[in-house]
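Participant: Give me the fold of what follows.
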Amino acid sequence: MNVLIRADATLEIGSGHVMRCAALGMRLMARGALVHFVCVGIPDRLADWLRDRGFGLTVLPVTGIDDWRTDLAATSEVVRIIGHIDLLIVDHYCLELGWERGMRPHVLRILVIDDLADRDHDCDLLLDQNLHEDAENRYKQYVPQGTVQFLGPRYALLRPEFDEHGLEHNRDGSVKRLLVFFGGTDPGNQTIKIIDALRALGSRAPESILVLGPAHPSRNAVHKSVANLPSAHVLDSTEQMSMLMAQADLAIGTCGVAAWERCALGLPSLVVVTAENQREDAEILHRLGAVEYLGDADEVSAENWERALRRAMDNPHRIHAMASSAREVMVGRHAALAELERTLVDGVH
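Facilitator: Okay, the predicted model is just below:
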């Protein structure tokens, strides 16, 4: 089974598209598939991360890929070199009906990963792992009749490490261990605000692990900022995110892919949004009681974070309830993912 994935990661859009596709790609490789990424302008660290995990990777130049037609021509050339593609996975907000139709002659089936529901698609399958109001009808006008849709966090594309046994533990609501992660690129370097908030908490500051993604642009500034903060420890990326989440009492971050990772492990969190496509998830998760949503990242100050942390530490019953609500979001996930994998793999035989 030959799989081609078209997704991008930049400092502006973050690494979420590539990371969720990589999670699906790992599942397919475990079933014997060969998986190849096509990306434009991907950060070097993330490119190395993909290659280290056995993915093929073609990096298209940023210059010259200025519309979907030139992108289509470049991607089609990659397919010509690789050979027949059984499954094309597209996770890209700037590619839609025309591009997908152009790829039709080269592929057996097309899976679109989307969460905007704002453009037409030519696809056989569509996956939207986010929370939405009236999810069942969102894509009705945008996809062909008969398109198989996989909707909701049950289908969240998480790396295999989040399926390991023995990770989850019962939380009593106390906040002694904090995990901070703002995604692969951390737009606006939100991590620095958390460091300032922890410093303001003084002796009340919980032991904190701050994880920087593989494409974080300001890691030196973060390391320098924690030099005199003994309760905080910085990790320059990690292969143990699931373990870190399992050991934490509370998380701080965004509502990208990491939101579903936290819910899978019943980890309560304080969140902001760094992209518009995260907002609906944040609002619904807040209403469900699984997170506390503080607003847009750029508008949330270190003082706001300090107050939110104090609220969390002063209300263990609320934090305990958030953990239960987070777990409820992902009920039925393992059966749903097994269904997704069967559909993708059996469709090529």
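Participant: Quickly note the distance from the residue nearest to His106 when sequence neighbours are not counted to Met1.
Facilitator: In space, and not counting its chain neighbours, His106 is closest to Val79: 4.6 Å by C-beta to C-beta, 6 or more residues apart in numbering. Using the backbone N, CA and C atoms, a C-beta is placed for each residue, glycine as well. Per C-beta to C-beta, to the nearest Å, Val79 is found 15 Å from Met1.
Participant: Please apply the same query to Gly289.
Facilitator: From Gly289 to Met1 the distance is 41 Å (C-beta to C-beta).
Participant: List the residues that contact Leu178.
Facilitator: Leu178 is in contact with 198, 206-209, 248-252, 309, counting by C-beta atoms under 8 Å, 6 or more residues apart in numbering.
Participant: Please indicate which of these are buried?
Facilitator: Buried subset of these (neighbour count, 16 or more other C-beta atoms under 10 Å): 198, 206, 208-209, 248-252, 309.
Participant: Show me which of these is closest to Asp91.
Facilitator: Ala251 (24.2 Å; C-beta to C-beta).
Participant: so that closest one makes contact with Leu265?
Facilitator: No. Using C-beta atoms under 8 Å, Ala251 makes no contact with Leu265, being 9.4 Å away.
Participant: so what's in contact with these two at the same time?
Facilitator: Residues touching both Ala251 and Leu265 (C-beta under 8 Å, 6+ apart) are Met245.
Participant: Run through the residues that contact Asp296.
Facilitator: By C-beta under 8 Å, 6+ apart, the neighbours of Asp296 are 272-273.
Participant: cutoff 6 Å now
Facilitator: Val273 (C-beta atoms under 6 Å, 6 or more residues apart in numbering).
Participant: From Ser225, how far off is it?
Facilitator: In this view, Asp296 and Ser225 are 22 Å apart by C-beta to C-beta.
Participant: any low-confidence regions in this structure?
Facilitator: Scanning the chain for pLDDT under 70 picks out 63-65, 165-166, 347-349.
Participant: Give the buried residues for stretch 288-305.
Facilitator: Buried residues in stretch 288-305 (16+ other C-beta under 10 Å): 289-294, 297, 300, 302, 304-305.
Participant: Also stretch 89-103?
Facilitator: So for stretch 89-103, counting by 16+ other C-beta under 10 Å, buried means 89-92, 95-96, 99-100, 102-103.
Participant: about what we covered before: select from the contacts of Leu178 every entry located in strands.
Facilitator: Of the contacts of Leu178, the ones assigned to strands by DSSP state E are 207-209, 250-252.
Participant: Name the residues of the helix or strand where Ala246 lies that come out as buried.
Facilitator: Using DSSP states H and E, Ala246 falls within helix 241-247. Burial within helix 241-247, assessed by neighbour count using 16+ other C-beta under 10 Å, is assigned to 241-242, 244-246.
Participant: same check, this time on stretch 144-154
Facilitator: 147, 149-154.
Participant: hang on, the earlier thing: which SSE is the residue nearest to His106 in?
Facilitator: helix 68-82.
Participant: Centre of the chain to that helix, how far?
Facilitator: Remark: helix 68-82 is offset 26 Å from the chain centroid, using C-alpha atoms, centre = their mean, to the nearest Å.
Participant: And stretch 296-316, by the same measure?
Facilitator: Offset of stretch 296-316 from its chain centre (C-alpha atoms, centre = their mean): 23 Å.
Participant: begin at 30 from here
Facilitator: Happy to do that; since the first residue is 30 now, the last one works out to stretch 325-345.
Participant: Using CSV, list the CA coordinates for it.
Facilitator: Taking Å, rounded to 0.1, in the frame of the first residue of the first chain, the C-alpha atoms of stretch 325-345 are listed here in CSV:
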residue,chain,number,x,y,z
ASP,A,325,-6.6,34.4,22.3
ALA,A,326,-2.9,33.7,23.1
ASP,A,327,-1.7,37.2,22.1
GLU,A,328,-4.2,38.8,24.5
VAL,A,329,-3.5,36.6,27.5
SER,A,330,-0.7,38.1,29.7
ALA,A,331,1.6,36.6,32.2
GLU,A,332,-0.6,38.1,34.9
ASN,A,333,-3.7,36.3,33.4
TRP,A,334,-1.8,33.0,33.5
GLU,A,335,-0.7,33.6,37.1
ARG,A,336,-4.3,34.2,38.2
ALA,A,337,-5.5,31.1,36.3
LEU,A,338,-2.9,29.0,38.0
ARG,A,339,-3.9,30.3,41.4
ARG,A,340,-7.5,29.4,40.6
ALA,A,341,-6.5,25.9,39.7
MET,A,342,-4.4,25.4,42.8
ASP,A,343,-7.1,26.7,45.0
ASN,A,344,-9.9,24.5,43.6
PRO,A,345,-8.9,20.9,43.6
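Participant: okay, the buried residues of helix 270-276 in TSV with distance to Glu368 next?
Facilitator: Below are the buried residues of helix 270-276 laid out as TSV (distance: C-beta to C-beta, whole Å):
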residue	distance to Glu368
Met270	25
Ser271	23
Leu273	29
Met274	25
Ala275	26
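Participant: The host helix or strand of Leu155 - contacts with which helices or strands?
Facilitator: Following DSSP H and E, one finds Leu155 within strand 154-157. With contacts defined as 3 or more C-beta pairs under 6 Å, 6 or more residues apart in numbering; DSSP states H and E, strand 154-157 has these neighbours: strand 136-142, strand 177-180.
Participant: before we move on, back to that, mark which of the buried residues of stretch 317-334 are part of helices, please.
Facilitator: Applying DSSP state H to the buried residues of stretch 317-334, the entries found in helices are 331, 333-334.
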